[in-house]
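Trainee: Here is my input, please return the structure:
(4 chains, ligands or ions: 4)
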Amino acid sequence: MIDLAPSSTSSETELSHRLLESMVRIRMIEEAIAERYSAQQMRCPVHLSIGQEAASAGVCAALRHTDQAMSGHRSHAHYLAKGGNLRAMIAELYGRETGCCKGRGGSMHLVDVDAGFVGAVPIVGSTIPIATGLAFADRLLRRDRVTVAFLGEAATEEGVFHESANFASLHQLPIVYVCENNLYSVYSPLEVRQPAHREVFEVAAGHGIRSRQIDGNDPLAVYHLMKESVAYARSGEGPVFLELKTYRWREHCGPGFDNHIGYRTEAEYQAWRERDAVASTERRLRDAGAYDEERIDRHREHVEGEIIEAFAAAQRAPFPAGSTLMNHVYSEGSHP
Amino acid sequence: MIDLAPSSTSSETELSHRLLESMVRIRMIEEAIAERYSAQQMRCPVHLSIGQEAASAGVCAALRHTDQAMSGHRSHAHYLAKGGNLRAMIAELYGRETGCCKGRGGSMHLVDVDAGFVGAVPIVGSTIPIATGLAFADRLLRRDRVTVAFLGEAATEEGVFHESANFASLHQLPIVYVCENNLYSVYSPLEVRQPAHREVFEVAAGHGIRSRQIDGNDPLAVYHLMKESVAYARSGEGPVFLELKTYRWREHCGPGFDNHIGYRTEAEYQAWRERDAVASTERRLRDAGAYDEERIDRHREHVEGEIIEAFAAAQRAPFPAGSTLMNHVYSEGSHP
Amino acid sequence: MSRELTYADAIRDGFAVAMERDPRVLLMGLGVPDPKGFFGTTVGLQQQFGTERVMDMPCAENGMTGVVLGAALNGLRPVINHQRLDFALLAMDPVCTQAAKWNYMFGGATKMPVVFRMILGRGWGQGPQHSQCLHSWFAHIPGLKVVMPTTPYDAKGLLIASIEDDNPVVFIEHRWLHHIKGEVPEGHYTVPIGPARLARAGTDVTIVAFSYMVLEALEAAQRLDSLGVSAEVIDARGLRPLDREAIAASVQKTGRLVVADTGWGTAGMSAEVIAVASETSFRSLKSAPRRVCFPECPTPTGPSLAAEFYPRSGHIVAAVRETLDWAPEPSDWLMPAGIELDKPNPAFTGPF
Amino acid sequence: MSRELTYADAIRDGFAVAMERDPRVLLMGLGVPDPKGFFGTTVGLQQQFGTERVMDMPCAENGMTGVVLGAALNGLRPVINHQRLDFALLAMDPVCTQAAKWNYMFGGATKMPVVFRMILGRGWGQGPQHSQCLHSWFAHIPGLKVVMPTTPYDAKGLLIASIEDDNPVVFIEHRWLHHIKGEVPEGHYTVPIGPARLARAGTDVTIVAFSYMVLEALEAAQRLDSLGVSAEVIDARGLRPLDREAIAASVQKTGRLVVADTGWGTAGMSAEVIAVASETSFRSLKSAPRRVCFPECPTPTGPSLAAEFYPRSGHIVAAVRETLDWAPEPSDWLMPAGIELDKPNPAFTGPF
Ligand SMILES: Cc1ncc(C[n+]2csc(CCOP(=O)(O)OP(=O)(O)O)c2C)c(N)n1
Ligand SMILES: Cc1ncc(C[n+]2csc(CCOP(=O)(O)OP(=O)(O)O)c2C)c(N)n1
Ligand SMILES: [Mg+2]
Ligand SMILES: [Mg+2]
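Mentor: Ligands and ions are numbered 1, 2, ... in the order given. Model (predicted):
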């Protein structure tokens, strides 16, 4: 895993390269999943983040390793950016015993507690209060830690988002709600779900929470805003809500493209492709004469190796034995 | 029942008298309940609105008879102000067959469909989306009707309030959310439930809803703001949220006073007693030399008669027979 | 006129018929007008009936369920659609504390004609949070009606009956029934809510099955045939009211009972059926009744564990052996060769 | 040392002991620090343990339940308190879809030591929305543990055991038990989650009862004594896991079974107990088992209907008669003279 925490002396150039590396890694892994999905061996729904990598990369680069994060159904990128174990994730998609959930969770239930990725679940909104509870415990136990709750814009429609925001605002909890607004919930556009006359981040602001909206495809901007937000939350000033405007390239669930089925236009898709964060970060660096092509090429090679290795290991790994079906229903032993 | 809809020519003086009559009637009925409660014959929880009458009076005076309203656990005043049948309400408190729910509901479940009071339930927040659905149906069916959802400030903490507000804002529904902020939820003050750095009405504003805060103990001001709000909602411009600041004089549930038990101060209570809407409306009229004392005295007498009659009728009325226990589980007959 | 339709098409047809007959019928739900037509069950309905009657909604199950209750009070007949039953858990208050009780607690003053449609997920990694079969919860609540049709014919007929009922009805489909084909008449007809369906007559043992498990029960009945056992299969398509008479009559005829449910056993419908049989037909029972249910753990996601998790026809056969006091036969539980157990049918490709 | 405490005081004592032993234990809930002490069960705890460990919360059951799950993940041991079970219906997702499944679905990577405390309302017009007894719903869900203590001793012991358990536990109290007195030792002790309690030994019929109905069952057993019938009463204080062995052993001894539940029958715990007895002890059963449950309607509010609604000891006696094939005796159902059926005890005055 690449260490994304920039040293305090790192220049913008160094930072850009690190963010680029993070995004490229996520993209390559997601594309590898997409490619191999049709073999029908990853037998679970997958929700890819291709097109949205700048959010995860920028947000997690501003976190400490000890900080925590939670997510929903579309969590691969969050898990990876937070430092979740790649092999355990791929094995989990293949339903193997070596998966991060021992084959019991699948793509929609990633977890890597050691990396501070405390869990993801596919019920929209359900991890928002749980993440709020992580921050609440940290506050009570006087821990120096910030929690990130990743969510989609549809999750802000669930009442539980508001209940969580109110509680976080009331207790000034060290949490940052990171909302990737990709304009859709499955096939449903924002306009059938939220009023056009107000922005997503304004709803959060109503709770007395510091709220900001930003281009979610600009990793540097995301990073800087997040850095400031984390510092704010960490210092005890209260929670922050960030709306990152972005776009998912592929279908909601599964490996393919689906612009042809009619819920969104090819033109809209193309306009967002133009705003590809990987390409634009490269371009920005190149234009400034600062692009270290060799470094990124080496990185790509490295990730390619990681990917081949992770998929191979997953496919070699055993399935959990049927006899273990009833394991882990309860945590063994009780306290004390 | 007194007709509260002011004729278009009615002066402020006339209006003030009508509002005063409405408040006096509610107060007298609630006090009659409180007085008789200790006889232990109204065998259900009762949540009295004494001290908060200006809200119901002002709000309902701005409605048409055909408009609709819903409420929660503290609904007597709303039911009465909307024109709900007094005898049916008192009989319901006594658990009689002649009650508005045939003895199946009690104080927390008032209903008078003919008066446009479509129901009240004691699960905090639960009627908010239902009222929103009333308005939604009216909109779809092109009916010229406005719905009022009465709620306490604690109900704005429930996620379902936000889900409803978002939907109403999205579809510009003809609904007015009337929130009586009496500073407490049972014994819990606002500061343990909502952040001090934002007001209740601001949360609603976050949904892109027209939101206003006002002195809930000033019936005239409530009436005028409500009049304007109803016109706005009726014209299709969208929902409105009103926060009426007020105070409950007696205990949360039951007939007594409970300032001595320690969750609020006697001083706070006394300060709000000074702001009694009945007394101040009288005073205002008197100061302007416009108070029709005889009219109000006559009104008091009339209401006293109504009350005596309603309680007597309730106590005379039969209890529902045990053999009817299973009636009404399902609505008879299906469509078409 | 009758024709072969899939279950999904039968649902679609049921909606179209109900909506055509009654302009007050309204469909709401996340993705109801989506291009894939909600697993094919709503295809073309928005085009036919307009955006006001076939509508998407915010991702807010609790609030939106309350909204349809209000809409029903004011004269509409809404159907709220959930792609998974799990999502409806956010709406237990409006479904069970509100809708189920309003008619009673207001002494008949209000009416709530509303259908809560929920789909049970299964297979292809649906896992712990997309496959909960909690139909028994709803069956536990007086004031609700609950149905789980198995055949395309019943799907359409019960859907129309549910929409036309003046009470709240929970209408539950199993995802693995959507591709099943069967005879479905055109136009309007209803199947009454309550009565069970005799899916197969028999004399030696009664198998009461719910939803998808009716298919497994029928397969089991065939296997039992070759063992010389005549199994009667009852499709308990109505959970509330439950057809106690049909259960009693069958058990009184066969003397043996196996219940196959697509859900957990503890305090579930399988327990209820055994309780009903014990209460009504104790003297007829020749042996201990048996249940075939989910193991008492959450649904695992991976295919190896999911295959172990879901009960199959073989489990029913094995349970019948027990009711006959026959020795267990390990081959009953053999995984069927060539069938991928996390796919509803061979043509399926993931993801869901 | 042991002394007589009320059930409410036993709960309070259990909290104090658990909180003193473990600084991670935290109480949260609407009104937990209220001046009346949450029906007397939390009196003085905030003074003793501070505002950070005994805290009020916003009126937001769904979100706050999620919050305590997160707090548990990060090392606390929270108890979330609901004055009525009905309010917890807003939190079915975090309780049943999240807490119950996290340990399993993450392969043991996460632990959720949390107690969901819920009180069943009854009497004085609690009515349809403040008296729902939905313990069976929770018992239906693998991954949860569910207890319903009846005695003060068990209330304290099971509360401490629930708090010290590393799994989510649903702890359910009946409002009419709070004033009951019994021996309660001082200091720390636990009652294991699962095993039933033999409330009364007998030989002729087994009465399995839940929560408050144990008291009615004991009264019924006394009345049966005078009829020459020796009733064994089992207090099924553990619903999940359910003590199948205790039920089987008793039924195998007595041969007759009546189940008395404080809730609805259909797909409820009463059905489960009958199913367990039928599965495990079919050959021992001498007659059809019987259930004594709520009638299948919402709880009415008014006293005349509520009196009709709630089953009493007489209903249990009548059910036992049926298991003995005795003729029905109308006097069984007589309303007890001088007792106001909507009050938990004669000293009570309304409102709740
Ligand atoms: C409570 C709930 N309702 C509905 C769903 C179905 N569902 C799965 S993903 C999804 C879309 C959520 O959209 P958003 O939060 O914007 O995230 P995105 O998929 O765009 O990343 C929906 C509605 C669900 N999983 N949970
Ligand atoms: C969902 C739910 N949670 C908790 C309660 C308990 N409860 C009854 S009334 C009440 C207070 C509500 O306060 P507010 O909405 O401000 O209304 P007020 O009583 O002040 O008029 C509470 C918490 C409930 N009835 N429903
Ligand atoms: Mg989205
Ligand atoms: Mg209040």
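Trainee: The residue in the stretch 51-200 of chain C positioned nearest to ligand 4 - nearest residue in space that isn't next to it in sequence?
Mentor: Closest to ligand 4 within the stretch 51-200 of chain C is residue C:93: 19.7 Å, counting by CB to the ion. In short, each C-beta sits where N, CA and C put it, glycine included. Spatial nearest neighbour of residue C:93, chain neighbours left out: residue D:89 (4.8 Å); criterion: CB to CB, 6 or more residues apart in numbering or on different chains.
Trainee: Give the full set of residues in contact with the one you found.
Mentor: C:92, C:93, C:96, C:97, D:132, D:134 (CB atoms under 8 Å, 6 or more residues apart in numbering or on different chains).
Trainee: Name the spans of the stretch 251-352 of chain C whose pLDDT lies under the cut-off.
Mentor: By pLDDT under 70, the stretch 251-352 of chain C contains no weakly predicted segment.
Trainee: okay, now the residue of it found nearest chain B: neighbour count?
Mentor: Per CB to the nearest CB, the residue of the stretch 251-352 of chain C with the smallest distance to chain B is residue C:272, at 18.1 Å. Using other CB atoms under 10 Å in any protein chain shown, residue C:272 has 31 neighbouring residues.
Trainee: any idea which element it lies in?
Mentor: Using DSSP states H and E, the element containing residue C:272 is helix C:269-281.
Trainee: Run me through the strand neighbours of the next helix or strand after that helix, direction for each.
Mentor: Downstream of helix C:269-281, the first helix or strand assigned by DSSP H and E is strand C:290-294. When sheet partners are counted by DSSP bridges, strand C:290-294 sits next to strand C:257-264 (parallel).
Trainee: where exactly do the strands run in the stretch 151-300 of chain C?
Mentor: Per DSSP state E, counting those that start in this stretch, the stretch 151-300 of chain C carries strands over the ranges C:169-174, C:181-185, C:197-200, C:205-209, C:231-235, C:238-240, C:257-264, C:290-294.
Trainee: per-residue pLDDT, the nearest residue to residue C:347 once chain neighbours are set aside?
Mentor: In space, and not counting its chain neighbours, residue C:347 is closest to residue C:179: 7.8 Å by CB to CB, 6+ apart. We have a pLDDT of 96 for residue C:179.
Trainee: tell me the phi and psi of residue C:179?
Mentor: Main-chain torsions, residue C:179, degrees, to the nearest 10: phi -90, psi 0.
Trainee: ditto for residue A:216
Mentor: phi -80, psi 0.
Trainee: quick one: what helix or strand has the closest residue in space to it that isn't next to it in sequence in it?
Mentor: If the residues on either side of it in the chain are set aside, residue A:216 comes closest to residue A:244, at 2.8 Å by CB to CB, 6+ apart. Element membership for residue A:244, per DSSP H and E: strand A:240-245.
Trainee: Taking strand A:240-245 as reference, get the angle to the helix or strand just after that strand.
Mentor: Remark: after strand A:240-245, the chain's next helix or strand is helix A:266-274, criterion DSSP H and E. With axes from the mean of the first three to the mean of the last three CA atoms, to 10 degrees applied, the angle from helix A:266-274 to strand A:240-245 works out at 120 degrees.
Trainee: The helix or strand following helix A:266-274: how far from the chain's middle?
Mentor: Once the chain leaves helix A:266-274, the next helix or strand it forms, by DSSP H and E, is helix A:277-287. Mean-position distance between helix A:277-287 and its chain equals 21 Å (CA atoms, centre = their mean, to the nearest Å).
Trainee: Check which residues of helix A:277-287 are buried.
Mentor: Neighbour-count burial for helix A:277-287 flags A:277, A:278, A:281, A:282, A:284, A:285 (criterion: 16 or more other CB atoms under 10 Å in any protein chain shown).
Trainee: and the nearest residue in space to residue A:195 that is not next to it in sequence, how many neighbours?
Mentor: Nearest non-adjacent residue to residue A:195, counting by CB to CB, 6+ apart: residue B:169, 4.3 Å away. The number of residues packed near residue B:169 is 24, by other CB under 10 Å.
Trainee: and residue B:169, what does it touch?
Mentor: Residue B:169 touches A:195, A:197, A:198, B:207, B:208, B:209, B:238, B:239, counting by CB under 8 Å, 6+ apart.
Trainee: okay, the angle between the lengthiest helix in chain A and helix A:277-287?
Mentor: Identified as the longest helix of chain A according to DSSP state H is helix A:12-37. Interaxial angle, helix A:12-37 versus helix A:277-287 (the same axes, to 10 degrees): 150 degrees.
Trainee: Low-confidence ranges, the stretch 51-200 of chain A, go.
Mentor: In the stretch 51-200 of chain A, no residues with pLDDT under 70.
Trainee: At which residues are the strands of it located?
Mentor: A:68-71, A:117-120, A:147-152, A:175-181, A:184-185, A:188-189.
Trainee: mind checking which of these is nearest ligand 3?
Mentor: That would be strand A:147-152 among the strands of the stretch 51-200 of chain A, by CB to the ion, at 3.9 Å.
Trainee: Contacts only, for residue C:26.
Mentor: B:140, C:52, C:53, C:54, C:55, C:68, C:71, C:76, C:77, C:78, C:79.
Trainee: Among these, name the ones in helices.
Mentor: B:140, C:68, C:71.
Trainee: Skipping adjacent residues, who's closest to the first one in space?
Mentor: Right, residue B:140. Residue B:140 sits nearest to residue C:52 (CB to CB, 6+ apart), 5.8 Å away.
Trainee: what's the neighbour count on that neighbour?
Mentor: 11.
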